[in-house]
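Participant: just a sequence and a predicted model for now, questions to come.
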Amino acid sequence: ERTLMQYPPQENWGSQSIGNARAEWAAVANAIADFEPVTMAVDPADMNLARSCLMSDIELVEIPLDDGWCRDSGPMILVNDSKERRVAGFEFNGWGKKFDSFHNDALAKGHFSRLLGFPLHPVNLVMEGGAVAVDGEGTLITTDQCLFHKHRNKHLSKAQIEDELCQSLGVKKIIWIPKGLEPDPITDGHIDGMVAYVKPGLVLLHTTDDRSDPNYEITQTAKKILETCEDAQGRKIDVIELPMTSESVLHLNFYVCNDAVIVPVAGNKKEDQLPLGIIAEAFSTRRLIPITGVEIAGGGGGIHCITQQVPSVNS
């Protein structure tokens, strides 16, 4: 139905990088707005700045914010069989207490819930949206590294975490990957840097051929797990490998909107051409829109990390 985003405030960004970060956030929002409505949450202090760089048809709403990662602090919106929508109220604690300032972002779900008119249901897990990948048909992929982090859910057993995920998200099968990509000093193994669904039963997986890279073993382990397990519908999962060709961006951290895929790029052919070709072939019915994401990546994420979808109930 629309995309939600959060305009990044100064709080957790260096004074030299915030301008470039805001420019990339705006470029993503403006690109998505060509395909579907966009609602941008903006800290009251930044409203004039946001208006100056965003297309006029992008809806701006005032919400106190600490940062701009709407995938993680924003609302994960669910649709039940009666086409009722709800917000899954996972606790946000600044990515395992990495930052002192996260209290405004911890309340962002509630603000969005009120603005959208969707009830919020508290969930007894500390989790960010980027920690899970779901296929919409009962399957969820996540990492042990993130969900069992000492400042997230170390006090819970795997059975307790699985039960909470199943109850809150309506999933039937959880696929556990041991670790996410390295280095990852902030999210502790978010799955959306490594695995993304193309459709149920088919995923893209970031991999590398460099055996000296710790990500070689990490991604080969993930590939073996994904290819040898069944999803919630009893299907084997097919894996498309997406080479990690860049140290500047993770091409796999893209966002799928209506009729398009918005992909972060480094801005040079050597790093971008091969991944873009693979993503374009995987999503052959959608337009591929490359957007420079170097500053976003420098902040610890990608285009998927700064966006959050509101599922439609009309189709």
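Facilitator: The structure has been received and is ready for your questions.
Participant: where along the stretch 201-315 of the chain do the helices fall?
Facilitator: 214-228, 269-282, 294-298 (DSSP state H, counting those that start in this stretch).
Participant: contacts for the last one?
Facilitator: The set of residues external to helix 294-298 that reach it, using CB atoms under 8 Å, 6 or more residues apart in numbering, is 17, 20-21, 23-25, 28, 248-250, 264, 266-267, 302-303, 305-306. (Each C-beta comes from the backbone N, C-alpha and C, glycine too.)
Participant: please apply the same query to the longest one.
Facilitator: With CB under 8 Å, 6+ apart as the contact definition, helix 214-228 has outside contacts at 141, 175-182, 194-195, 203, 205-210, 236-239, 241, 244.
Participant: out of the residues you listed, which are buried?
Facilitator: 141, 175-177, 179-181, 194-195, 203, 205-208, 237, 239, 244 (16 or more other CB atoms under 10 Å).
Participant: among these, which ones are in strands?
Facilitator: Among the buried ones among the contacts of helix 214-228, the residues falling in strands (DSSP state E) are 141, 175, 176, 177, 195, 203, 205, 206, 207, 239.
Participant: ok, the first one - contacts?
Facilitator: This points to residue 141. Residue 141 makes contact with 132, 133, 134, 174, 175, 177, 191, 195, 203, 226, according to CB under 8 Å, 6+ apart.
Participant: want to throw those into JSON lines with distance to residue 312?
Facilitator: Putting the contacts of residue 141 into JSON lines (distance: CB to CB, whole Å) gives the following:
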{"residue": "132", "distance to residue 312": "21"}
{"residue": "133", "distance to residue 312": "20"}
{"residue": "134", "distance to residue 312": "16"}
{"residue": "174", "distance to residue 312": "26"}
{"residue": "175", "distance to residue 312": "27"}
{"residue": "177", "distance to residue 312": "30"}
{"residue": "191", "distance to residue 312": "24"}
{"residue": "195", "distance to residue 312": "24"}
{"residue": "203", "distance to residue 312": "23"}
{"residue": "226", "distance to residue 312": "28"}
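Participant: redo those as a markdown table? Include distance to residue 145 and pLDDT.
Facilitator: Shown next, in a markdown table, are the contacts of residue 141 (distance: CB to CB, whole Å; pLDDT from 0 to 100):
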| residue | distance to residue 145 | pLDDT |
| --- | --- | --- |
| 132 | 13 | 98 |
| 133 | 14 | 98 |
| 134 | 18 | 98 |
| 174 | 15 | 98 |
| 175 | 14 | 98 |
| 177 | 8 | 98 |
| 191 | 10 | 98 |
| 195 | 13 | 98 |
| 203 | 18 | 98 |
| 226 | 16 | 98 |
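Participant: and which of those is nearest to residue 92?
Facilitator: residue 132 (13.8 Å; CB to CB).
Participant: tally of neighbours for the nearest residue to that closest one once chain neighbours are set aside?
Facilitator: Leaving aside its chain neighbours, residue 132 sits nearest to residue 142 (4.9 Å; criterion: CB to CB, 6 or more residues apart in numbering). Around residue 142 there are 24 other residues, counting by other CB atoms under 10 Å.
Participant: kind regards, and thank you for your time.
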